[in-house]
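K.L.:
Everything below, folded, please.
(2 chains)
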Amino acid sequence: MLGWNCHKMPRVRTRNKLRGKLIVVEGIDGSGKSIQLHLLDKWLRHLGVLVFNTEWNSSAVVKEITSKGKRRALLTPTTFSLLHATDFADRYERNVLPLLHAGYFVLADRYVYTAYARDAVRGCHPQWVKRVYSFATKPDAVFYYHVPVEVGVRRILTGRPKLKYYEAGMDLNLSNDEYESYRIFQSRIIEQYKAMASKEGFIVMDGTLDVEQQQRMMRERVLGLLPSELAKVASKELSVT
Amino acid sequence: MSHPKTALAARPIEFYGYGISYLKGREIKGRLIVVEGPDGSGRSTQVDLITAKLESDGHAVVNTGLKRSEFIGKGILEAKQKLPLGKKTLALFYAADFADQLEHKIIPALEAGYIVLADRYIFTLIARSTVRGLPRKWSHDLFGFTIKPDLVFYLDVEPDELFHRVFQKYSGLDYYESGADLGLSDDLYNSFVKYQRMMVKEFRLMEEKYGLMPIDANRPIAQVNADLQRRIDRYLHEKA
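P.N.:
This is a model prediction of the structure:
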């Protein structure tokens, strides 16, 4: 620990500015985004930064209800979309926003862009989805881990795991074979990510590079979000290792 | 009065906003009639009376309401008890519940030519969110996936009268329906009246935008019913 903490952060408080920072990773399953966020979390904690992690579809309150519906394969794309929005809003209202106000670094494994991509593929109106999520603050950095669909799919399907109905996109009637359906579904999500990448200001990362190299690049980008004194220290550390 | 038994004319499905892309172009033969109003306004009684009359006239009727979808409805009650939910979370939860009913119940019934009689629709949900501080525009856009009803009645009752009715019926006030979560007043009566006035104001604002028809529900049940039934019959005759 470097003995620095966010309480001593210079308090620049303009009305709309949150003291904390929001860092997001996006990408298809198997793109390696979660391990990158995990390593970033370790690094920030080592630097003494206050960190909070939040993951897509993980609100305890909403989870139970969503999974009941999922088990019975009853969800239409609109309901599915709104349940994920509910989950998002619960985490946002309960944790993300208060902690950003309090000066935390909030690390989000998937954010609104996952909804934009998946819901569009499922046939929801893209503008409607954007309006639903319009309350969400814009992240300070969005790292998009790009991998060719075959790479992501291979990483997930090695060992032929049992895919869940919605995970495989079976509700879209893409194919009767769940692995084939999964592959088509993932490739459509990649198309959506690609289409929004420049407009949403994604930092596009090559998810086929080795993990350490990617992490180094990520940390270099995050340096700019740290308070200047801490950034200096962290930067020195980065150049030594 | 007996109805002509001719089928209702089909029309394309019409949404409030962006709609549901994968349902565009569908035709519906039924009619969607909504009765809005606070608890104690006689809403459910009126829905029952209208249902009975329409059925005796030979129409197939389906009833819907808020918090009635098969799996989400119960979830809301459970979640509310466990942990207080934020207002956006709650608004989205209700919207999810509503979407479920819309697609699994309301739209299929309308496609099959039923008259769907809704005991409240999106307007109560919008008003509740607005008085709790969510932007009207956001709620409006959120419910852009819903279909436009043929008729929307709003049962309007003076808050003071409403208080007596609710108190007599339940010998107490509902926490949320009194706006107790808003911290309007330490006194529940004052809180209730203030809250109901805020809700009424929202319904007034929605009248023009959504074509809500206010019905004076301070009157006795039979009078209110005659008023509603006359309007419904006239509409169904014109559109048959």
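
K.L.:
From here on, just use CA atoms for contacts and neighbour counts.
P.N.:
OK.

K.L.:
Tell me how far B:S139 lies from B:R128.
P.N.:
Counting by CA to CA, to the nearest Å, the gap from B:S139 to B:R128 is 10 Å.

K.L.:
what packs against the helix or strand B:Y189 falls within?
P.N.:
Element membership for B:Y189, per DSSP states H and E: helix B:188-210. Under the contact definition 3 or more CA pairs under 8 Å, 6 or more residues apart in numbering or on different chains; DSSP states H and E, helix B:188-210 sits against helix B:122-131, helix B:159-170, strand B:212-216.

K.L.:
Which neighbours in the sheet does the shortest one have, and how are they oriented?
P.N.:
Read that as strand B:212-216. In the sheet, strand B:212-216 lines up against strand B:151-156 (parallel) (DSSP bridges).

K.L.:
C-terminal to the lowest-mean-pLDDT helix or strand in chain B, what's the next element?
P.N.:
Of all helical and strand segments in chain B, the minimum by mean pLDDT, DSSP states H and E falls on helix B:72-82, at a mean of 65. The first helix or strand that comes after helix B:72-82 along the chain, using DSSP H and E, is helix B:87-101.

K.L.:
can you list the residues that contact stretch A:86-99?
P.N.:
A:20, A:52, A:54, A:56-59, A:62-63, A:105-106, A:136, B:85-86, B:88-90, B:92-93 (CA atoms under 8 Å, 6 or more residues apart in numbering or on different chains).

K.L.:
one more time with 6 Å
P.N.:
Residues outside stretch A:86-99 that contact it (CA atoms under 6 Å, 6 or more residues apart in numbering or on different chains) are A:57, A:59, A:62, B:89, B:92-93.

K.L.:
Let's test this: mean pLDDT of it, rounded?
P.N.:
Stretch A:86-99 shows a mean pLDDT of 96 in the predicted model.

K.L.:
May I have the distance across it, first residue to last?
P.N.:
19 Å.

K.L.:
Give me every residue in chain A lying close to chain B.
P.N.:
Within chain A, the positions near chain B by CA under 6 Å from any CA of the partner chain are A:61, A:65, A:79, A:82-83, A:86, A:89-90, A:124-125, A:132.

K.L.:
again, 7 Å this time
P.N.:
A:61, A:65, A:69, A:78-79, A:82-83, A:85-86, A:89-90, A:93, A:123-125, A:128, A:131-132 (CA under 7 Å from any CA of the partner chain).

K.L.:
residues in contact with A:S181?
P.N.:
By CA atoms under 7 Å, 6 or more residues apart in numbering or on different chains, the contact list for A:S181 reads A:168-170, A:174-175.

K.L.:
ugh, wrong one, B:H140
P.N.:
If you count contacts by CA under 7 Å, 6+ apart, B:H140 has none.

K.L.:
B:T64 now?
P.N.:
B:117-119.

K.L.:
circling back to that earlier point, columns distance to B:V152 on top of the contacts of stretch A:86-99, output as TSV?
P.N.:
Formatted as TSV, the contacts of stretch A:86-99 follow (distance: CA to CA, whole Å):
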residue	distance to B:V152
A:N57	36
A:S59	36
A:V62	32
B:T89	27
B:L92	23
B:F93	23
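
K.L.:
Nearest to B:A60 among these?
P.N.:
Ranked by distance to B:A60 (CA to CA), the contacts of stretch A:86-99 are led by B:F93 at 30.0 Å.

K.L.:
From chain A, how far out is that closest one?
P.N.:
6 Å (CA to the nearest CA, to the nearest Å).

K.L.:
so what's residue 166 scoring on pLDDT?
P.N.:
The chain I'm using is chain A. So A:Y166 comes in at 86 (pLDDT).

K.L.:
actually chain B
P.N.:
92.

K.L.:
now swap in A:G207 and tell me
P.N.:
Note for A:G207: predicted pLDDT of 97.

K.L.:
and if you look at the one 5 residues further on?
P.N.:
As summarised for this prediction, A:E212 has a pLDDT of 97.

K.L.:
again with B:S129
P.N.:
Among the per-residue scores, B:S129 holds a pLDDT of 96.

K.L.:
Find the nearest non-adjacent residue to it, please.
P.N.:
Closest residue in space to B:S129, ignoring its immediate chain neighbours: B:A91 at 6.6 Å, by CA to CA, 6 or more residues apart in numbering or on different chains.

K.L.:
Next: B:M206.
P.N.:
Spatially, and ignoring its direct neighbours in sequence, B:M206 is nearest to B:L212 (6.8 Å; CA to CA, 6+ apart).

K.L.:
After the lengthiest helix in chain A, heading C-terminal, what element do we hit next?
P.N.:
Taking DSSP state H as the criterion, chain A has its longest helix at helix A:178-197. Next helix or strand after helix A:178-197 toward the C-terminus (DSSP H and E): strand A:203-206.

K.L.:
That following strand packs against which elements?
P.N.:
Judged by 3 or more CA pairs under 7 Å, 6 or more residues apart in numbering or on different chains; DSSP states H and E, the packing partners of strand A:203-206 are strand A:141-146.

K.L.:
again, 10 Å this time
P.N.:
Packing partners of strand A:203-206 (3 or more CA pairs under 10 Å, 6 or more residues apart in numbering or on different chains; DSSP states H and E): strand A:21-26, strand A:141-146, helix A:178-197, helix A:211-223.

K.L.:
For B:Q223, which of these is the nearest?
P.N.:
Counting by CA to CA, B:Q223 lies closest to helix A:178-197 out of those; the figure is 56.3 Å.

K.L.:
by how many degrees do that closest one and strand A:21-26 diverge?
P.N.:
140 degrees (axes from the mean of the first three to the mean of the last three CA atoms, to 10 degrees).

K.L.:
can you pull the alpha-carbon coordinates of helix A:178-197 into CSV?
P.N.:
C-alpha atoms of helix A:178-197 as CSV (Å, rounded to 0.1, in the frame of the first residue of the first chain):
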residue,chain,number,x,y,z
GLU,A,178,-27.2,-24.4,-29.4
TYR,A,179,-23.5,-24.1,-30.2
GLU,A,180,-24.3,-22.8,-33.7
SER,A,181,-26.9,-20.4,-32.3
TYR,A,182,-24.4,-19.2,-29.7
ARG,A,183,-21.8,-18.5,-32.4
ILE,A,184,-24.3,-16.5,-34.6
PHE,A,185,-25.6,-14.6,-31.6
GLN,A,186,-22.1,-13.6,-30.5
SER,A,187,-21.1,-12.5,-34.0
ARG,A,188,-24.2,-10.2,-34.1
ILE,A,189,-23.2,-8.7,-30.8
ILE,A,190,-19.7,-8.0,-32.2
GLU,A,191,-21.4,-6.2,-35.1
GLN,A,192,-23.3,-4.0,-32.6
TYR,A,193,-20.2,-3.2,-30.6
LYS,A,194,-18.3,-2.3,-33.8
ALA,A,195,-21.1,0.0,-34.9
MET,A,196,-21.1,2.0,-31.6
ALA,A,197,-17.3,1.9,-30.9
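
K.L.:
just for chain B, where's the confidence low?
P.N.:
B:1-7, B:67-82, B:239-240 (pLDDT under 70).

K.L.:
quick one: contacts for the residue nearest in space to the middle of chain B?
P.N.:
Closest residue to the average C-alpha location of chain B: B:R120 at 1.5 Å, with CA atoms, centre = their mean. Counting by CA atoms under 10 Å, 6 or more residues apart in numbering or on different chains, B:R120 touches B:33-38, B:43-44, B:47, B:64-66, B:152-154.

K.L.:
All set now, cheers.
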